[in-house]
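Engineer: sequence and predicted structure are below.
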Amino acid sequence: MRKLLCITLLFCLSINANAQYSLFDDSYLHEIRIVSTDPNFWQTLGDDWQANFNDSSIDIPYQTTTVTIDGNELLEVGVRQKGFSSNFFVNTTKKPLKLHFSKFVEDREYDGVRKVNLMNGVGDPSIIKDKLAYDMFRFQGIPGPRVAHAKIYINDVYWGVYGLIEQIDKRYLKRNFADNDGNLWKNKGNSDLSWEGEVSTNYSFELQTNEEDDDWTKFYGFVDFINNASDNEFANQFSDIFHLDEYLRIVAIDILINNWDSYLEHGRNWYMYHEPVSDKMHWVPWDYNFAFDRRTNGSDDLDLIQNNLGKVLTTRVFNTPAYRTRVLDYMCEILEYNFFAPRLYPLMDAQNLLIEDDWDSTNNFFSFQTITDYIDGTIWFGSQIGGPFQSLKDFVDDRRSVIQSDLASQNHTCNALPASVGVQDLVINEFMADNDDDSPWSDQDGDFDDWIELYNNTNQAINLDHYYLSDTSTFEHKWALPNVTIPANGYLIVWADKDIDQAGLHTQFSLDKDGGEVILSYLDGTVIDTVGYGEQSANISMSRRPNGTGSFFETPVVTFGSENEDLPDIIFASGFEEILP
């Protein structure tokens, strides 16, 4: 066992620099052991939650524990109970929990995070709904928290399998957006986003970053606009302050998966983030354990057109013809590529296999029969919110049919997208992850940033609409290439610099000079090209040789936006070795 003892801040930070942990690796079941010296630890956690959960202005206190994750021991980790319905609906001790790695040790992180949520599976026997929902969001180019699973032990007593869900905080913002210095608000109650004036306490939101500045200007501006803008202003200016296309995809998925415990019905469970670089607001989805529910007669299905439930934002969106059409277009895309059996069934089957050894846990509040029926049966009982409900697989099939019928009733035609290009037709041809200020390669604003060169290997122009670039396999559709064309046998430079406010092609991610990956993919899930790389040196690119088809080589012979010379005897910069076969 490796002990992660944070004696000094320097030592704490060195943990993250040298250790290679994979907290959100979903290919195996993690193990987390929580140990407290308090003889009444569980009672203390319960009392803390009971005394504070109903008052959003009071933080539930953390208790000090020792936590061991996959054999790595951390001292002084904060632990508390969390949740609302996921807590009080539970009749066993399998309550939802939160771990806080830096609560008592300043700035400490584990695998790049300071907090992680342990979800108990209320309304979700296989603890898969959050995982499915966030996977669907990422497939549509929308950031979603990472999810894995773990067996939890408290003072050496087995507590059951939990979902590990990434916390929405500044580290999450840094991973997914161009800038993480903006204001993040969490909706901690029920809100229809009605205008309540410029008084923060009138709203059910809590500012969770930059709290000392306490600047609500952008929040007030957003709520004021959606309530008081004219129809013409709403139709033509909303995208100036809001990442509108992102939200239209979110609302399409929420409708499709019957996410009633959201803004659509309850006015709950989302964050709002103002990103300074774009000067726009993002809608950040959260908490999907009550999604994917459907009674066998469909009586609780969400309507395709959401303009009659008293919610300001969705009412105005669906009453704006251009926005309504775009939601329906996105619904067509989601049905075609994202929400269908061949893609989702394997995720469900893998989840059941992953947690099958939890069926006999005495702490589990679902019966073995319920867990069996949940995915592969016809209906399942035992939900804390009623039922019976359709099994997940039947839900996918039947909900698809209902939405397809609803689209037809709206006289909306789904147009198929063109097929993706073949492997090697379009390639990542060269890239640089450490571009120094004294290099000859700068963008139109004179910035010396990371860059990626794409090359069209064919003798036909290729339109790049619905293609994506990413720096991580956990979010392959991270940055959508715009509707641009790369000419036959032509090159295209994309700046990986997070400068999304600049003219030209600028991604919301940058390349890690310490090593990483670059991925080119298509909306249907096809990975067109991918390359992994190690630590990079300044002004050294990695390029394919021969041009467009060969393997990657680290070389100072940079051919930015032009053909990579096929040099058999490449002179490598000091510290690099030739990797020719």
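Structural biologist: Sure, I can see it.

Engineer: where does the prediction get shaky in this protein?
Structural biologist: Scanning the chain with the threshold set as pLDDT under 70 gives 1-21, 56-57, 357-361, 382-385, 566-581.

Engineer: domain boundaries for it, per the record?
Structural biologist: The chain is divided into the following domains under automatic domain parsing: 2-171, 426-555.

Engineer: now these in a markdown table, with distance to M331 and mean neighbour count?
Structural biologist: For the C-beta atoms, the positions are set from N, CA and C on the backbone; glycine is no exception. Shown next, in a markdown table, are those (distance: least, Cβ to Cβ, whole Å; neighbours: other Cβ atoms under 10 Å):
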| stretch | distance to M331 | mean neighbour count |
| --- | --- | --- |
| domain 2-171 | 11 | 18 |
| domain 426-555 | 14 | 18 |
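
Engineer: so which of those domains gets nearest G387?
Structural biologist: Within the domains of the chain, the stretch nearest G387 is domain 2-171; the backing value is 9.3 Å (Cβ to Cβ).

Engineer: ramachandran angles for Y62?
Structural biologist: Dihedral angles phi and psi of Y62 (degrees, to the nearest 10) take the values phi -100, psi 150.

Engineer: look up how far I375 lies from the nearest residue to it once chain neighbours are set aside.
Structural biologist: Among residues not flanking Y62 along the chain, G78 sits closest, at 3.2 Å (Cβ to Cβ, 6 or more residues apart in numbering). For G78, the distance to I375 equals 34 Å [Cβ to Cβ, to the nearest Å].

Engineer: for N54, same thing?
Structural biologist: N54 sits 34 Å away from I375, going by Cβ to Cβ.

Engineer: kindly report the same for L173.
Structural biologist: According to Cβ to Cβ, L173 stands 33 Å off from I375.

Engineer: and what of W42?
Structural biologist: With Cβ to Cβ as the criterion, W42 and I375 are 31 Å apart.

Engineer: what secondary structure does M136 sit in?
Structural biologist: What DSSP: H, G, I helix; E, B strand; the rest coil gives for M136 is helix.

Engineer: that one: what's it in contact with?
Structural biologist: Contacts of M136 were listed using Cβ atoms under 8 Å, 6 or more residues apart in numbering, and they are G144, I253, I257, I334, N338, F339.

Engineer: give me the element the fourth one is part of.
Structural biologist: Looking back up the chat, that one is I334. According to DSSP states H and E, I334 maps onto helix 321-337.

Engineer: now M281
Structural biologist: M281 is part of strand 280-285, with elements assigned from DSSP H and E.

Engineer: nearest spatial neighbour of the spatially most central residue of the chain, skipping sequence neighbours?
Structural biologist: Geometric centre of the chain, nearest residue: G144, 1.6 Å, by Cα atoms, centre = their mean. Spatial nearest neighbour of G144, chain neighbours left out: Y134 (3.2 Å); criterion: Cβ to Cβ, 6+ apart.

Engineer: do L523 as well
Structural biologist: Nearest to L523 is H466, by Cβ to Cβ, 6+ apart, at 4.2 Å.

Engineer: L417 is in contact with the one you found, correct?
Structural biologist: Yes - the pair H466 and L417 passes the contact test of Cβ atoms under 8 Å, sitting 5.9 Å apart.

Engineer: wasn't the residue nearest to the centre of the chain part of a strand?
Structural biologist: No - membership of G144 in a strand is not supported by three-state DSSP, which gives coil.

Engineer: if I pick it, what's in contact with it?
Structural biologist: Residues in contact with G144, defined by Cβ under 8 Å, 6+ apart, are A133, Y134, D135, M136, F137, R138, P285.

Engineer: assign Q237 to helix, strand or coil.
Structural biologist: Under three-state DSSP, the three-state class of Q237 is helix.

Engineer: wait, it touches A229, no?
Structural biologist: Yes - using Cβ under 8 Å, Q237 is in contact with A229, at 7.0 Å.

Engineer: ok, the two, which is more surrounded?
Structural biologist: Shown here are Q237 and A229; by other Cβ atoms under 10 Å, A229 has more neighbours (16 against 13).

Engineer: can you tell me how far the more buried one is from A433?
Structural biologist: 43 Å.

Engineer: that older thread, what touches both of H466 and L417?
Structural biologist: Shared contacts of H466 and L417, defined by Cβ under 8 Å, 6+ apart, comprise L523.

Engineer: got a list of what the nearest residue to F560 once chain neighbours are set aside touches?
Structural biologist: Take F560 and drop its neighbours on the chain: the residue closest to it by Cβ to Cβ, 6+ apart is W441, 5.1 Å away. Contacts of W441 were listed using Cβ under 8 Å, 6+ apart, and they are M432, N435, F448, W451, V558, F560.

Engineer: the same query, at a cut-off of 7 Å, please.
Structural biologist: N435, F448, W451, F560 (Cβ atoms under 7 Å, 6 or more residues apart in numbering).

Engineer: repeat for D169
Structural biologist: Counting by Cβ under 7 Å, 6+ apart, D169 has contacts R114, K115.

Engineer: now it: how far from T37?
Structural biologist: From D169 to T37 the distance is 28 Å (Cβ to Cβ).

Engineer: hey, where'd the helices end up in the chain?
Structural biologist: Taking DSSP state H as the criterion, the chain carries its helices at 9-18, 41-52, 85-88, 129-139, 170-176, 217-228, 231-237, 244-256, 312-318, 321-337, 341-354, 368-376, 392-409.

Engineer: okay, angle between the fourth one and helix 244-256 too, please.
Structural biologist: Okay, so that is helix 129-139. Relative orientation of helix 129-139 versus helix 244-256 (axes from the mean of the first three to the mean of the last three Cα atoms, to 10 degrees): 140 degrees.

Engineer: my guess is N227 contacts V312, does it?
Structural biologist: Yes - contact criterion Cβ atoms under 7 Å: N227 and V312 qualify, at 5.8 Å.

Engineer: residues shared between the contacts of those two?
Structural biologist: In contact with both N227 and V312: S194, using Cβ under 7 Å, 6+ apart.

Engineer: just the residues contacting stretch 50-66, thanks.
Structural biologist: Taking Cβ under 7 Å, 6+ apart as the rule, stretch 50-66 contacts 34-36, 38, 41, 44-45, 48-49, 73, 75-81, 84, 87, 100, 103-104, 188-189, 206.

Engineer: can you rerun that using 6 Å?
Structural biologist: 34-36, 48-49, 75-80, 100, 103-104, 188 (Cβ atoms under 6 Å, 6 or more residues apart in numbering).

Engineer: list the ones among those residues that fall in strands.
Structural biologist: I34, V35, L75, E76, V77, G78, V79, R80, H100 (DSSP state E).

Engineer: check contacts around the residue nearest to the last one when sequence neighbours are not counted.
Structural biologist: With sequence-adjacent residues excluded and distances taken as Cβ to Cβ, 6+ apart, H100 is closest to G78, at 3.6 Å. When the contact criterion is Cβ under 6 Å, 6+ apart, the partners of G78 are Y62, H100, K103.

Engineer: hmm, try it at 7 Å
Structural biologist: Applying Cβ under 7 Å, 6+ apart to G78 gives the contacts Y62, T64, H100, K103, F104.

Engineer: tell me the spacing between the fourth one and L511.
Structural biologist: When Cβ to Cβ is applied, the distance between K103 and L511 equals 33 Å.
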